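Peer 1: Quick check, what structure comes out for this input:
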Amino acid sequence: MASEKVDNQARNKCEEERDHCLQYNVRVMYLIDSMERMGCKLGDPKKFITCAPLADGQRSGGFQTDSNAEPHIYLAEDASLKAGHGRTQMAHTLTHELVHAFDQCRAHANWSNLVHQACSEIRASSLSGECDYAEEFNRNPMAKFAGGHSACVRRRAELSVAMNLARDEKEKAAEAVQAAFGRCYNDTAPFRRHLN
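Peer 2: So this is what the prediction gives:
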């Protein structure tokens with residue numbers, strides 16, 4: 001019974017944060033509008049973007065493409081209860097996953113191709129706000145800011161790609177990110193520039 005109460009509390013908090021982003025976050029609203037204008041009909045964003053328990057406990061969200069189902073964004077409902085995880089982090093997570101959805105809409109990415117996956121992770125880390133200067137400073141106040149954004153994007157993209165690989169294949173993540181970095185870091189669509 002107590003577990004069910006925590007689950008409901010987590011889901012309610014996650015949905016509240018998601019709804020706030022859908023209504024007020026400029027990046028989130030712009031990505032959704034851009035996909036709609038490109039002809040990718042998302043339907044009700046609250047059905048396209050849902051809160052759910054994510055089993056591994058490491059992810060705060062995910063974009064799922066499955067040949068048997070429509071693309072879908074999942075937000076980790078338990079992440080919304082963690083200390084330090086608020087609207088800013090929810091906005092970063094949601095924007096990150098929406099960049100993947102945008103890439104699917106625009107380019108029909110082949111998610112089993114590590115370079116395609118790395119490209120979308122580079123773009124998502126770059127455009128979501130998770131590598132903005134303030135976020136990097138909060139993670140590491142001693143970090144060097146010269147080249148900080150691109151170094152953060154590279155690091156986070158490698159981590160994201162590696163999460164989808166077997167333990168003995170982790171070096172392939174760095175290779176895929178390296179192969180895609182220049183082209184994909186400079187691809188800021190649908191935005192005109194990096195927003196940091």
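Peer 1: Tell me how far the nearest residue to Ser160 once chain neighbours are set aside lies from Asn8.
Peer 2: Nearest non-adjacent residue to Ser160, counting by CB to CB, 6 or more residues apart in numbering: Glu121, 4.3 Å away. Quick note: C-beta positions are derived from backbone N, CA and C, even for glycine. Applying CB to CB, to the nearest Å, the value for Glu121 to Asn8 is 32 Å.
Peer 1: Return the distance of the lengthiest strand in the chain from the chain's centre.
Peer 2: Using DSSP state E, we find that the single longest strand of the chain is strand 69-76. In this view, strand 69-76 has its centroid 12 Å away from the chain centroid, taken as CA atoms, centre = their mean, to the nearest Å.
Peer 1: same thing with stretch 178-196?
Peer 2: With CA atoms, centre = their mean, you get 15 Å for stretch 178-196.
Peer 1: Just the mean pLDDT for that stretch, thanks.
Peer 2: In this model, stretch 178-196 has an average pLDDT of 91.
Peer 1: same deal with stretch 66-81?
Peer 2: 82.
Peer 1: correct me, but the residue nearest to Ser160 touches Ala157?
Peer 2: Yes: counting by CB atoms under 8 Å, Ala157 is a contact partner of Glu121 at 4.0 Å.
Peer 1: re earlier: the residue nearest to Ser160 - how many residues pack around it?
Peer 2: 31 (other CB atoms under 10 Å).
Peer 1: What lies in contact with the helix or strand where it lies?
Peer 2: Per DSSP states H and E, Glu121 falls inside helix 114-127. Here helix 114-127 makes contact (CB atoms under 8 Å, 6 or more residues apart in numbering) with 27, 95-97, 99-100, 103, 109-111, 131, 149, 152-154, 156-157, 160-161, 164, 172-173, 175-177, 179-181, 183-185, 187-188, 191, 194-195.
Peer 1: ok, now stretch 22-29?
Peer 2: Residues from elsewhere that reach stretch 22-29 (CB under 8 Å, 6+ apart): 21, 32, 45-46, 49, 91, 94-95, 98, 127-129, 191, 195.
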